[in-house]
Structure formats: C-alpha cells, structure tokens
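Asker: 3D, please:
(chains A and B)
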Amino acid sequence: MKVSLNWIKEYVSIPANFDISKLAYDLTMSTVEVEEVRYLSKKFENIVVGSIEEVRVHPNADKLKICKISLGNGEIKEIVCGGNNLKAGMKVAVACPGAMVRWHGAGDLVEIKKVKLRGVESYGMICAASEIGLADLFPSEEGNIVDLSGFDVEMGTNLARALGLDDVILEIDNKSLTNRPDLWGHYGMAREISALYDFPLKKFVPFECPKTSNLKVNLENTQHCLRYIGIKIEGVLVKPSDFEIQRRLWSVGIRPINAIVDITNYVMLATGQPLHAFDADNINGSITVRFAKSSEKMTLLDGKELSLSTEDLVIADEEGPIALAGVMGGKKDSVLPKTNKVILEIANFEPSRIRRTALRYETRTESATRYEKGIDPERCDQALSLAMQMFADIFKDMSVAQFGDNYPKRFLRKEVDVSLDWLERCLGKHIDKSDIINKLSRLGFEIEFNQNIMHVIIPTWRSTGDISIPNDIMEEIARMYGLENFDPTPITISFSEAINQPKIDIDRKIREYLAFRCGMNEIFTYPWINNKYIDALFLNRDEMLSLSAPVSSEECYVRSSLLPNLCKSVAENLRNFNEFSVFESAQVYFNKDFESIYDSRELLPLQRRSIAGAYVGNSENVNSLFRRVKGIVESMPRYVHIEPFTMKKIEKPVWADNVVWLNIIQKSRKVGNLALLSKKASLACGIKNSAALIFEIDMDLLIPCPSRTNKFMHISEYPVTEYDLSLLFDLSVKWQEIFDVVKDIKADNLIQDILFIDEYRGSQVPDGKKSVTFRLKIGSFEKTLTSSEIEGVAAEVIKRLKKDLGAEIRV
Amino acid sequence: MKDKLSAIFNKGKEKIEKAETIEELQNVKAYLLGKQGLLTDILKSIPNLEVSDRAEIGRLSNKIKRDFTDMIESQREKICLKKSEISEDFDYTVPGIPPSSGALHPITQMCYDLNDTFRSMGFEIFQESDITSELYAFDNLNFPPNHPARESMDTYWLKDYEKECGGKKLCLRPHLTGASVRYMQTHKPPFKFVYPGRVYRNESTDARHERAFFQYEALIVDRKFTFSSGKIMIKSILSKVFGCDVPVRMRVGFFPFVEPGFEIDMSCLVCGGKGCSVCKHVGWIEIMPGGIPHPNVMRAAGLDPNEFTGFYVNIGLDRLVMMRYGVDDVRLFHSADLKFLSQFR
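Answerer: Numbering: from 1, shown residues only, chains lettered A, B, ... in the order given. Sure, this is the predicted structure:
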C-alpha cells in the first residue's frame, strides 16, 4: 500500500523538520513494515516551470519549432520542440540538462543534455505529460505538451513544488497490514503516528443529516450486511475533480477519472471505508441487499459477465443485481457522462463472504481487499462526513434528496481484562500504571483498574478481531514501549536428565555413516512421484495416497517408496557421471492403516521413515558394486548402534533382478531390501549401460542398542599366521557354505578367523568351476605353533571342504 | 711402515668424513678397503715384511680396517639421517588420494549444526509425520475457518480422505507448528524442543520460492519466560551458524499462532548493515517469525495459557543455507544434482 506523507499530514500534525527515515524505522519496528521511502520530487529534478516567450519555425525541419523560454530571473533559453500546441505565453514543463525523462512516454529514462537538433542548439526539452510520468494528471492528445498556464507559479519553480508533488511516499508491505484493518487508509496511519509520537490528531466533523425523505434499503441478511448508508444526491455532473484531489490520488497510484468516482476513491483511501456511487436514474425501485439467486446473471463494471452463486451477496434493485456487494459495481448503474444524480453507498459487509466472492470471480479490488480485513461499521460515519463535505465543495448546486442509515444493531466495542501480574511476568519488566494508561489511551483504548486487573475497552476500529485477548494488549504495550527497550533476561537452566533419543539419533547416524564412511551423497527429492517411475518399478498405485491439486497430472501420487525419485535422480545424474552413489532419508506414506494417534477427531494414514540408496556403476561390475553395497549395509548396525542385520532371500522386491537380491533382516523381522535394479526397471527409468545396486530400509523398524554391544577380547601373546587357500568349487557353491564348513572344524580352536579374499571364474579354471581364495588366521592362545601344526590345520580344512563341498586343489 | 699406516689412517678418516653421499662413501670404501684399496695393498704386502714387524703391522692394519669399517658405517648413518633416500625429483604437487568422500545435503548440515547448538542448551529434538490433518494444520493453530492458507492454492490437500479421516481433510504439512502441538500434548511442561522438517506449499516456483522447503522450529514453554530472553536464544543460534556475532532485531509482525508475534531480522552480512541489494537497502534481512504461542494454541495443547507462557521461532533453513554459501537458486536443493551437492563435501 502506498501512503502519501502530505496526505497524512492533513490529519496529524507532524513537525516540519521531523526525520522521515526515523518515522519509517519506527513504523517498521512497531506497526507495519515500510519497504521503501520514495521522494516523488526525485522524479522531477531539473524540471522547472517555464513560459514560452516566442515560437518560430525551425530553418531545417518542418515539424520542429524553436521556442524562446523564460526560466525566471531573466534567464532565457532556446529549445527545439515538436509539440503541436506550442504558443507564446503558455506555461510549460521544461526539462533542463540533468533531468530524467522518458522519450515519448516509452522505454527507459534518459538524461537530458544540451544538443544540436538539425543544426540548432537546444537547451533542454519542453515535456509532454507522458514524458515526465504525468499522463494521468494531464490527459492530452498525442503530440501535445503539458499546458501549465492554469498554475499560478513563478517561472523557474521546480515542477514538483509547482504542482504540489513534492511528496514522500511510504511503500508499506501489505502482508504486514493483514491484521490491521484500521490502517488501510491515510487517516488510520495518521492515527497510528499520532499515537506513536503523541502528535495531535484531527477529528472528522460528524455529518449533519438533512431533513429529507428516508432512503429505504432492505437488508435481507443483517449478519452479512451490518450497516448500509444510502444517500441520493442530486445536482451533480461528470467533470474532472479539483487538481488537489487528482494529485492525491495520483501520488498513491490511483488514476483520476471524474469528480464523482474520484470522491469515492479519495474517501476510501483516506478512511479505509469503500464507497460506491450508482447512477440514480438507472436504479429501478427500492434497493435490497440479498444473496444472489442461483445462476442469476450480472455484468460487472469492467464488462465481466457473471453467473452468480447463492453464496454471493449482491446489491439489487427491483430488476436484479446492480453490484457485487463490497467487490465491484455493475455496468448498468455505473456513473456515465450524462449522470446527474447518484446514490452513494457507504456500507459494511462481513469479511469472509466478500473474500470468497472476490476470489470466485478473480476480482480482487481495492474495495474487496479492505472489506476482507474486517472493517468496523462505525467507520461509515467518517466516510460519510468526508464524502458529503467533498460533494458540497465540488458541486455547488448539489442537494441531498434522500438519506437512509440502515444500521440494525450498533457495533459494540470489545472489552478485555488483563492481569497486571501476568503482564509483568510475560514482559519481564514492571511498567507503571500511568505509563500503561498513557500509551494505550493514545491508541484509543479506555482503561479502568480494579486492583491488579486492568479492564480495557478497545476502540471500535480495532474491535473486529484484531484485539480480543490479553496477549493482544500485551503486544500493544510492548510495541508502544518499543520492543528494543526490553533488556534480554538470561534463560534460566534447570537441570534434568540428559537427553537420550536413540530413535531420533538413528536417522542422523545412518546419514553420517553413509556420507562420511561410505562416501555417498545425500539428495533431497519431492514427495510426489511421476507415474513413469511408479510404473517402471512395478509399484502398486492402490497403496499410494494422492494429491487433490497436483502440480501436474503425471505427479499426483505421493510416495510409498523412495525408489521412484531415487531412480529418477540416478538417471539424471548419469548424464554427468558414470560412477556415483546417492541416498535419501525421508518419509513414505501408505493408503492404509488409518489411525488416531493423537486425537480421536482425526485419522492419519500409515507413514514411515525410510532410507534408500543407490550405488551406480558400469553394468559389467555388478559383482564389485554388489559387494560394496552389501558391505555398506552389513557394517551399518555396528556404526549406528542398532541390532545387527542378517541377509536372506525371503521375498523378492518387485523391482529387483531375479538373481541379485536379498532381504535385510533384523531380529528375524524384514526391515529392508538390497538388490540390483532389474534390467527392465532400469531401462524404463532411463538408466542404460549402467547397473544400480539399491538398498532401502524402513527406519522406523530399526531397533537401537542401548549402548555399544561388542565385547573386549583378550589379545593373544603368540603369533597368528595368515594362511591363504585357493580351491576350486562348483559354480553353485556359495561362500556362506564354505564359511560354515570351515567354521565347523574344531582343529583345537586354532582357526581364529576365516576371511573371503576373492573369487575367480574364467579361462584359468575348468568349465563349471570357480576358484575361491580365502584366508585362515591360525594361531593359539597358549604357544607358538610349529609349521607342521599350521600345515596340519590347513590340510584338515582342505580335507573337509573336499568331502563336504567337492573342493579341488587348484593346479 | 707405521708412518705409512698412520698416513693412510689420517687420509682415510678425512675422506670418509668428507663423503656426503652414499655413492661417494662407496667410492671411498673401495679406495680404502677394496681389492686395490690402500689398506688391502698393505695387508697383501705383510708376508713380504720382516718377521719381527709382521705381527705388529698386521695387528695395526686390521685395527685400522675395523676403524675404517666402523667409521664408514657411522658416516653412512649420518648421510642417511641427513638426506632422504627418495629422489630429488619427487613430485609433491600430485593431488592427494581423498578418503571416500560423500556429503550430507547442505540443509542437513545446517540442521545438524542447529541440533547440536540446541541440544547443548538442553532442547530435545522432535520429529513428526509429513501428512497431517486440517485439525492440526489449521484448526488448532487459531487459523479462522476462512483463512486463505486453507485454500488448495496454498496447501497440498490429499484427495478424498475426509470420510476415512473423521471428516478432517488430510494434507502435506504446510508448516511444522501443527505438530508442535502434538509434542506439547504428549509431554509434561515445562519443556523446550526443536522440530526440524520439510513443509509443503502449493505455489509456483522460482529462484526464491519452492514447493518443498525446510523449517526449523524451536519452542520453549515455561511458567515464566519473557520474549526478550528469546533474543538471546536467537543470537546464539545465529552466531553458531555464521561463526560471528550477528546483530538481531525483533519487530512487530502478525502470525495467527502467536500473540504477540514478531518478525525477527538479522543484520545483513553482505553489507554489514549499511544497505545493499541483498537486503533491499535496509541493512536488515527478515529471517524468521517468532512470538509467544497464542493462548488458543496453548489450549489446543492442553495447557493453561494463564499458567504457561513461552517462546517460539521458526527458522527458514533454505534461506539460511542460501546465505551461508551464497546459493542463488532455492530450486537447487531439491534438484538431486550431484554437480551441486558434491560441492558441500
């Protein structure tokens, strides 16, 4: 919202030398956010009023003329100009060197310099209205320059001063005004400034209702229309309004139209109360405020044709709707050039109704914006006072033909009791009663004390919801006192138990483990997933929840698995990288198991924290990729302090390769999967020539260990020998079987460890065989073993593997 | 002969001590003790000596030989200690082999930094679900029934679950504050906790707006807590995040779930508060809303607002991370693009 400082000064006395940047800062800290302070006169630097002394033809150009211009104090300059309406004696706007203008009202601002035009030196420019941003104030024909002859000013006066445009505009962030309906007008801002600094505030003179016939308005629903003042004014006509009014409107970005419309806009911007003027000749019979009938038709002022809903509040005459209440007038009864009587509406409507209607027809007018904030019905009086004053000033022959103030139930001020003890406890500071009275009464509050209870009567303009509870009063006192004037009080620490949240910590530990120990990169993706990836991974849509207004119809489901977006990111990153690994930790959701966990009034779906990762590399290296990912999963419990994992084949994930897959088991419960993404799924996801080894774990199932669980083992004083064996096995023999056989060998407890080293398949070994290399750690806790004792152990191992698994010595 | 030996000894000793490289020492060794070495010549000539001299010269020569051997050995050690055995051409500019290096997402990193700070101040960490109901997203938080945030153009509502869900619509949480009420309902006051999480808004995206972004909520509830203490909390968070003392100001702001509500600004770190394009020339950057929980919120949490008060802030993590690293497009955070993410190792 734009606020004109000159306008505000009409209502509150601000000292002439008052620092505007301080005003902006104080308003930002205590009231609303001032986003920008703009000095309008900046636009008009080096533009002055001059008068044309003489016009003569340009020797080298038909369309150009040479003007002799007086700039005051005897200064005469020559300017080349192409304006159509140039004539001697005319007062004009002269852009001198250094001024910024917009050529022919279009493009960027350019700086005026002394130049030669067709061989004739030109000092500056005689401006058209559009060239100095004044087209709205001086509408004129194309090619004409601004005629300022009507202004009684000295030559050489800066244009901003000459036209009274040396104003300061405060640009207020509308969002910060949402809860302050009282500030949506200049008078409201003036009242706030008056309160902040204790500057005197001007009051509106109440309108003396003339003795005329009553203008009857039928209010069908007094809940949604709380007040309706209708005034039939005769003896008006459509003409431009006074320049002072136009200037005010223009300075805050509103285009002047004609005196009648300008009055309604002016009063709205002054008081925050919207008004509407109907052409009285086009209203048939009495006025009714009612809900629209189903599919009732109406055409808005801007030509938009509406088919109304029964939710819409309308102003209607006996023929039908003439205005969408509080939003916009209708075309039929709008003010037209021949209008000479109007019905002025000053009314109060219920906010949410107005907001919904404005939204429904995408018509968020200045009027609707104000109504939806919640205006108090008492404000109609201010608007009435100001509007009638202006009508009387502008139309000398005007008369009030009919008047009606339909106000069925007087609006009551809200009242709040505040305990002073509570106030002091919350503010952390004692504030004297007299100080409280001083600050609150400046804002229009009335206060009575009953011992330690403060009874506050809230002014009408803040009684529509803004202030209703003790906390609101606390805020008023705190902001008037200045939030910066409360010294920080140290936070007192109370000793309690150390924080122990193992379930929460699992997530962080897993992420840190994957990133720092396993070298994976954490990614974030959206919770909504593309149908392409759902189908590519054969996931079940029935299990998923969906959005009612998705960004695209292809992304209406929210994830029941992290894999769709993980695979999407794999496919995308493959454009830049051949080998990489990524993981994500986030929630997944299921369309089942709805439960009331916190509150019986709601049912929430099953939601689980999940973590998933992908290790991506050349599809020829599936073996090593598999071992890396398996290693990552196997070592996770140790690092994260959770119960250990085992891996088994129980249930193949739908997206997994037929051979390379495992389920991750913890305490005999399946908690996740580890598998190669199947070729079919890979291709459908756009992953070509690469293999993706994927794991996913349901984090909510993981069981934390209360502490570290591994036990200390005594260290042997005697040497341990590492003994490597390479044996041939059938291709079908699994390492686990080899391990189990060796583990089973007693050998006087001399085998301390069995480690897998390598597996080889290929031309060096016979068909149908593979060579498996593994390492035995052989040693005793009692003595140093002799080489024959060591060889004996190895021989035993070979013998048992030959017997149990058909192992052969590699030759 | 004795003189000759003593001359050999002196000469040998000097040569050995002068040797600066292993090679030189090797040459000296050959010169003295080699097959044609000086001392070897003497030893070879012993049988030609007179018998009476043989024993003494022999003993003397052998002693010198032992001395030479010892001296060469100790000189070798000296040379080795003084000088690397690695070639002078060793290229110390080749890059190191990095340890396997992944990265946490920059937002996660910021979140963990904050978690550490808050835990050190005795805050618990709270986590809740993404999907919530209208009851907790809006009703409990004092949002009037017609509040614009409830519209589908703002909130991601789920499709057709009102019936199953007790008449309450479900949505992806539009903010974290709703679930803070869940914490308050299930814990005994006084308490202090933080709640990091992702929230969702149905809006069009650009370099400064995202549909999914991270918030970090901190809430203190106690019988006595003044809002001015909140300022200390905020200052300590920011100094942890930015590693320096950051001026902070609180000004009036409005949010339905707090009363009074504050906008909390930090001094612009780009210009040091003088005013620049980043801070729209005001020297301050809006970083979080805060305030005292609204009495209706306290009531929804089952707490008596006359007995308990508190302080609340909600930090926009994306914005903070953007400031920390100078990231200029918020959409990069959800891009899953390793070209971006690998910079935060």
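
Asker: low-scoring stretches of chain B, by residue?
Answerer: B:83-85, B:161-166 (pLDDT under 70).

Asker: Ok, the stretch 351-500 of chain A next?
Answerer: Using pLDDT under 70, the stretch 351-500 of chain A drops low at A:491-496.

Asker: So which bits of it are right by chain B?
Answerer: Within the stretch 351-500 of chain A, the positions near chain B by CB under 8 Å from any CB of the partner chain are A:351-352, A:355-356, A:359, A:419, A:422, A:425-429, A:469-472, A:474-475, A:478-479, A:483-484, A:486-491, A:493-494, A:496, A:499. Where you see a C-beta, it was placed from the backbone N, CA and C, and this is true even at glycine.

Asker: what does stretch B:37-52 contact?
Answerer: Residues outside stretch B:37-52 that contact it (CB atoms under 8 Å, 6 or more residues apart in numbering or on different chains) are B:1, B:4-5, B:8, B:11-12, B:30-34, B:54, B:57-58, B:61-62, B:64-65, B:68.

Asker: For B:His294, list the residues it contacts.
Answerer: A:471, B:141-142, B:256-259.

Asker: What residue spans form the domains of the chain?
Answerer: You didn't say which chain, so I picked chain A. Annotated domains of chain A cover A:2-41+A:168-197, A:46-157, A:213-406, A:415-485, A:502-701, A:721-809 [automatic domain parsing].

Asker: that answer is for a different chain, and I need it for chain B
Answerer: B:2-82, B:106-344.

Asker: and A:Ile457, which of those is closest to it?
Answerer: Nearest to A:Ile457 among the domains of chain B is domain B:106-344 (19.2 Å), distances taken as CB to CB.

Asker: Which residue ranges of the stretch 651-800 of chain A form helices?
Answerer: A:679-685, A:735-744, A:787-805 (DSSP state H, counting those that start in this stretch).

Asker: Likewise for the stretch 251-400 of chain A?
Answerer: A:259-271, A:351-360, A:366-371, A:379-394.

Asker: And for the last one, what's in contact with it?
Answerer: Okay, so that is helix A:379-394. Contacts for helix A:379-394 (CB under 8 Å, 6+ apart): A:187, A:204-207, A:227, A:229, A:231, A:233, A:236, A:241-242, A:245, A:259, A:263-264, A:266-268, A:270-273, A:275, A:344, A:346-348, A:398, A:400, A:405, A:407, A:460-461.

Asker: Show me those residues that map onto strands.
Answerer: A:227, A:229, A:231, A:233, A:275, A:344, A:346-348, A:400, A:405 (DSSP state E).

Asker: now stretch A:447-464: how far from the chain's centre is it?
Answerer: Offset of stretch A:447-464 from its chain centre (CA atoms, centre = their mean, to the nearest Å): 35 Å.

Asker: before we move on, back to that, name only those of the residues of the stretch 351-500 of chain A next to chain B that count as buried.
Answerer: A:351-352, A:355-356, A:359, A:422, A:426-428, A:469-472, A:474-475, A:478-479, A:483, A:486, A:488-489, A:491 (16 or more other CB atoms under 10 Å in any protein chain shown).

Asker: Pull out the buried positions in stretch A:223-233.
Answerer: Under 16+ other CB under 10 Å, the buried positions of stretch A:223-233 are A:224-233.

Asker: Any chance of the contacts of B:His294 in TSV with distance to B:Asp222 and secondary structure as columns?
Answerer: TSV is the format used below for these (distance: CB to CB, whole Å; DSSP: H, G, I helix; E, B strand; the rest coil):
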residue	distance to B:Asp222	secondary structure
A:Asn471	16	helix
B:Leu141	20	helix
B:Asn142	21	coil
B:Pro256	22	coil
B:Phe257	18	coil
B:Val258	16	strand
B:Glu259	17	strand
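
Asker: Go ahead and build a PyMOL selection from the buried members of those.
Answerer: In PyMOL, a selection of the buried entries from the contacts of B:His294 looks like this (16+ other CB under 10 Å):
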select buried, (chain A and resi 471) or (chain B and resi 141+142+256+257+258+259)
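
Asker: which among the contacts of B:His294 gets closest to A:Glu584?
Answerer: B:Leu141 (29.3 Å).

Asker: shouldn't that closest one be in contact with B:Ala179?
Answerer: No. B:Leu141 lies out of contact with B:Ala179 (CB atoms under 8 Å); the separation is 10.6 Å.

Asker: Output the set of residues of the stretch 601-750 of chain A in proximity to chain B.
Answerer: So the stretch 601-750 of chain A meets chain B at A:601-605, A:607, A:609 (CB under 8 Å from any CB).

Asker: Name the residues of the stretch 201-345 of chain B found near chain A, please.
Answerer: So far as CB under 8 Å from any CB goes, the stretch 201-345 of chain B lies against chain A at B:202, B:211-212, B:220, B:224-229, B:231-233, B:249-254, B:259-263, B:280, B:292, B:294-295, B:305-306, B:309, B:333-334, B:336-339, B:341-342.

Asker: In PyMOL, select just the buried ones from these.
Answerer: A single PyMOL command selects the buried members of those (16+ other CB under 10 Å):
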select buried, chain B and resi 202+211+212+220+225+226+227+228+229+231+233+249+250+251+252+253+254+259+260+261+262+263+292+294+295+305+309+333+334+336+337+338+341
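
Asker: just checking, which of the residues of the stretch 201-345 of chain B next to chain A belong to strands?
Answerer: Per DSSP E, those map to strands at B:212, B:220, B:249-253, B:259-263, B:292, B:309.

Asker: Roughly how far does the closest residue to A:Leu313 other than its chain neighbours sit from A:His276?
Answerer: Of all residues not flanking A:Leu313 in the chain, A:Ala325 sits nearest, at 4.1 Å (CB to CB, 6 or more residues apart in numbering or on different chains). Distance, A:Ala325 to A:His276, using CB to CB, to the nearest Å: 9 Å.

Asker: higher neighbour count, those two?
Answerer: A:Ala325 (30 against 27; other CB atoms under 10 Å in any protein chain shown).

Asker: isn't that one right next to A:Val289, touching?
Answerer: Yes. Applying CB under 8 Å, one finds A:Ala325 in contact with A:Val289, separated by 6.4 Å.

Asker: Check which residues of stretch A:46-62 are buried.
Answerer: In stretch A:46-62, counting by 16+ other CB under 10 Å, buried: A:46-52, A:55, A:58.

Asker: Also stretch A:759-775?
Answerer: Result for stretch A:759-775 [16+ other CB under 10 Å]: buried residues A:765, A:769-772, A:774.

Asker: Compute the mean per-residue pLDDT across that stretch, please.
Answerer: The average pLDDT for stretch A:759-775 rounds to 91.

Asker: Residues that sit against both of A:Ala325 and A:Val289, list them.
Answerer: Joint contacts of A:Ala325 and A:Val289 (CB under 8 Å, 6+ apart) are A:225, A:313-315, A:347.

Asker: Using JSON lines, lay out these together with pLDDT.
Answerer: Formatted as JSON lines, the shared contacts of A:Ala325 and A:Val289 follow (pLDDT from 0 to 100):
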{"residue": "A:Cys225", "pLDDT": "95"}
{"residue": "A:Leu313", "pLDDT": "95"}
{"residue": "A:Val314", "pLDDT": "95"}
{"residue": "A:Ile315", "pLDDT": "95"}
{"residue": "A:Ala347", "pLDDT": "96"}
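
Asker: now the helices: where do they sit in the stretch 51-200 of chain B?
Answerer: Using DSSP H, counting those that start in this stretch, helices in the stretch 51-200 of chain B cover B:51-82, B:106-120, B:134-137, B:177-186.

Asker: Would you mind finding the most buried of those?
Answerer: helix B:134-137 (a mean of 24; mean count of other CB atoms under 10 Å in any protein chain shown).

Asker: and it, is it in reach of chain A?
Answerer: Yes. For helix B:134-137, a contact with chain A is found by CB under 8 Å from any CB, at B:135-136.

Asker: same for that helix, what does it pack against?
Answerer: Contact partners of helix B:134-137 among helices and strands, from 3 or more CB pairs under 8 Å, 6 or more residues apart in numbering or on different chains; DSSP states H and E: strand B:170-172, helix B:177-186.
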